[in-house]
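> kindly generate the corresponding structure for this input.
(one chain, ligands or ions: 2)
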Amino acid sequence: MRTALLAVLALVTVSGCADRSPDDRPNIVFIFTDDHAFQAIGAYGGRLASLNPTPNIDRLAADGMLFSRAFVTNSICAPSRAVILSGMHSHKNGVLTNVERFDSTQATFPALLQDAGYQTAMIGKWHLKAQPMGFDYWEVLPGQGKYYNPEFITVTGRHQETGYVTDLITDKALDWIGRRDPKKPFLLMFQHKAPHREWSPGPDHLSMFAGDSIPEPPTLFDDYAGRIPEAAQQEMEIDRHMDLFYDLKVRQNADSTARLYKLARANYNRMNDAQRAAWDAAYDPENEAFVDAGLTGKDLVRWKYQRYMKDYLRSVASVDDNIGRLLDYLDAQGLADNTLVVYSSDQGFYLGEHGWFDKRWMYEESMRTPLIARWPRVIPAGSVNADLVQNLDYAETFLDVAGVDPPEAMQGRSLVPLMRGDSAVAWRDALYYQYYEQPSEHNVPRHYGVRTDRYKLIHYYRLDEWELFDLDNDPNEMHSVYGDSRYASVRAELKERLQELRTQYDVPEDTRE
Ligand code: SGN
Ligand code: CA
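Ligands and ions are numbered 1, 2, ... in the order given. Next up, the predicted model:
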């Protein structure tokens, strides 16, 4: 199949057609961030929207389609990336947790697009351990990467650059688009490190939101009473687990563990003199006032939440500015009309909901992910789609856009019919989810489950505990109704649906240690 396609392309080139009529298959720009919660995107509305955090991402939504119910299959970084590249669930692509190395030789959509004559590039956070494959050009951060003066890896080795990571990744992306062969379509994977922990803002945004009070979520002081007992034993609370120095930049009052203290010092020491001077000027006065105030209890949690959210939104603001640079560039080059631009993140994130930061759980804030697509030739401007879509669908979507047949083994579905606004398309009614990374940082138990339009059933399979949420009555997932007799038939139906999905996706028992 691939060979046949290559032969056709070779013929086209040999006969000179390519010169007379350029290959006008659509370009694809995949903008991907790390841990960007939909709650922190203006176009998604919600309690933070009035702060106007993302005017450029919102521009994509205004000119394209916002998917209001987009989810991941496994809410953690490397697994999400592997699902996106392979179009298969974690148990099929081999990356169950952040620990496994991605097998880059398996079929991925970039490699298939490259075979089909696309120019392909991967720039920014990769996080899959193996060397990237299927790209004409790649330049990636080692592991998580650093915010200030980061190292990059290319095919020739590793080097360090001066500057802020989000700006540098954008410089490289624009540079690559400028260097490509304009006669061929391209795929650009433009993948940011921000706004991942430790949420270090760039030099242009250090004082943003300084005088603002960020609205709190209603569940900031959750007591976990309505959930499995282990919900109270996670290690991702703003109160108990967020570090003053590493996470919140209060070097004047470190309460750090040795590990986090070392990380915090290393981040601070990476900055050059000018960067550090700007940093200190922004943080020191507030930090000193904080130390003097000697806050405790809920007041301390509230202060930590404010500092967390401001740094998170500042990191997002830099991403958004840089997306603006990219969109302006596409406009200026006349590329916007025939380019599918997709905005997404590797999963959602807790912005204080349930008192948390981080992700991993099948609860809405982390199972959901932002998904916005602009493609002026196909997608009606300002449209919203509420179907249950997943990161599992991206690979087949991109192949469809390029007119390439997906391999049999891929498990998602192309979103192109939804993008066209085709209301006749029969869509899935349930999503499968599984999280595997336990024991691990943040102490979230392994679980799998099903989410439908209205309900979510979660099985903590090593604890043999269950939760069931009625999302219409309890959108914040505070009270599991698993044991409520009024939900007996719903529970039975969902268990059956869960089993069907496990069969459909060919999910084996997780017998790992
Ligand atoms: C680091 C962070 C965690 C985070 C994981 C996974 N800790 O280990 O808070 O959950 O990354 O993030 S840190 O103290 O080292 O910052 S992921 O995006 O790679 O999945
Ligand atoms: Ca991540």
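
> ligand 2 contacts on the stretch 1-150 of the chain?
Residues of the stretch 1-150 of the chain lying close to ligand 2 by CB under 5 Å from the ion are 34-35, 77. C-beta: built from backbone N, CA, C; applies to glycine.

> where along the stretch 1-150 of the chain do the strands fall?
For the stretch 1-150 of the chain, the strands defined by DSSP state E, counting those that start in this stretch occupy 27-33, 65-67, 70-71, 119-125, 137-141.

> reformat those strands as CSV; add mean neighbour count, mean pLDDT and distance to ligand 1.
Listed next are those as CSV, based on neighbours: other CB atoms under 10 Å; pLDDT from 0 to 100; distance: least, CB to the nearest ligand atom, whole Å:
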stretch, mean neighbour count, mean pLDDT, distance to ligand 1
strand 27-33, 23, 98, 11
strand 65-67, 26, 98, 21
strand 70-71, 26, 98, 16
strand 119-125, 25, 98, 9
strand 137-141, 22, 98, 11
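
> so which of the ones you listed gets nearest residue 386?
Ranking those by proximity to residue 386 (CB to CB) places strand 65-67 first, at 7.9 Å.

> before we move on, back to that, dump the strands of the stretch 1-150 of the chain into TSV; add distance to residue 511 as well.
What follows is those, written out as TSV (distance: least, CB to CB, whole Å):
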stretch	distance to residue 511
strand 27-33	32
strand 65-67	35
strand 70-71	26
strand 119-125	31
strand 137-141	33
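
> what's the closest of these to residue 291?
Closest approach to residue 291 among those is made by strand 27-33 (32.6 Å; CB to CB).

> helices or strands up against the closest one?
For strand 27-33, the packing partners by 3 or more CB pairs under 8 Å, 6 or more residues apart in numbering; DSSP states H and E come out as strand 186-191, helix 297-332, strand 339-345, helix 394-401.

> from residue 23, how far off is the residue in the chain positioned nearest to ligand 1?
In the chain, the residue that lies nearest ligand 1 is residue 77 (2.9 Å; CB to the nearest ligand atom). Distance of residue 77 to residue 23, computed by CB to CB, to the nearest Å: 34 Å.

> those two: who's more crowded?
Using other CB atoms under 10 Å, the more surrounded residue of residue 77 and residue 23 is residue 77, with 22 against 15.

> so who does the more buried one touch?
By CB atoms under 8 Å, 6 or more residues apart in numbering, the residues touching residue 77 are 34-35, 98, 127, 346-347.

> neighbour count and pLDDT for those residues - can I get that in CSV?
Below are those laid out as CSV (neighbours: other CB atoms under 10 Å; pLDDT from 0 to 100):
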residue, neighbour count, pLDDT
34, 26, 98
35, 27, 98
98, 17, 98
127, 24, 97
346, 27, 98
347, 27, 98
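
> what about ligand 1: which of those touch it?
Among those, the residues lying close to ligand 1 (CB under 6 Å from any ligand atom) are 34-35, 98.

> mind listing what the residue of the stretch 301-450 of the chain found nearest ligand 2 touches?
Residue nearest to ligand 2 within the stretch 301-450 of the chain (CB to the ion): residue 346, separated by 4.3 Å. Residues in contact with residue 346, defined by CB under 8 Å, 6+ apart, are 32-35, 72, 76-77, 80-81, 369, 391.

> residue numbers of the stretch 251-400 of the chain in contact with ligand 1?
260, 358.

> picking that back up, ok, the nearest residue to the residue of the stretch 301-450 of the chain closest to ligand 2 once chain neighbours are set aside to residue 344 distance?
Nearest non-adjacent residue to residue 346, counting by CB to CB, 6 or more residues apart in numbering: residue 80, 4.0 Å away. Applying CB to CB, the value for residue 80 to residue 344 is 9 Å.

> ditto for residue 392
To residue 344, residue 392 is 12 Å away according to CB to CB.

> near ligand 2, which residues of the protein are found?
For the chain, the residues in contact with ligand 2 (CB under 5 Å from the ion) are 34-35, 77, 346.

> with adjacent residues omitted, what lies nearest to the residue in the chain that ligand 2 sits nearest to?
Among all residues of the chain, residue 77 sits closest to ligand 2, at 3.4 Å; criterion: CB to the ion. Computed as CB to CB, 6+ apart, the closest residue to residue 77 that is not its neighbour in sequence is residue 346, at 5.1 Å.

> now residue 218
That would be residue 476: by CB to CB, 6+ apart, it lies 6.7 Å from residue 218.

> and if you look at residue 85?
Closest to residue 85 by CB to CB, 6+ apart is residue 108, at 4.1 Å.

> for the residue nearest to residue 181 when sequence neighbours are not counted, name its beta-bridge partners.
Distances taken as CB to CB, 6+ apart put residue 119 closest to residue 181, at 6.3 Å, once the chain neighbours are dropped. Residues in a beta bridge with residue 119, per DSSP bridges, are residue 186.

> show me what contacts residue 119?
Residue 119 makes contact with 136, 180-181, 184-187, according to CB under 8 Å, 6+ apart.

> domain parsing of the protein, as residue ranges.
Split into domains by automatic domain parsing, the chain comes to 2-199+309-421, 239-308, 446-504.

> and the second one, average pLDDT?
What that stands for is domain 239-308. Per-residue pLDDT over domain 239-308 has a mean of 96.

> the shortest one now?
Along domain 446-504, the predicted local confidence has a mean pLDDT of 98.

> what about it, distance to the chain center?
Distance of domain 446-504 from the chain centroid (CA atoms, centre = their mean, to the nearest Å) equals 24 Å.

> and for stretch 487-498, what's in contact with it?
Stretch 487-498 is contacted by residues 430, 432, 448-450, 452, 455, 457, 459, 468, 470, 481-482 when judged by CB under 8 Å, 6+ apart.
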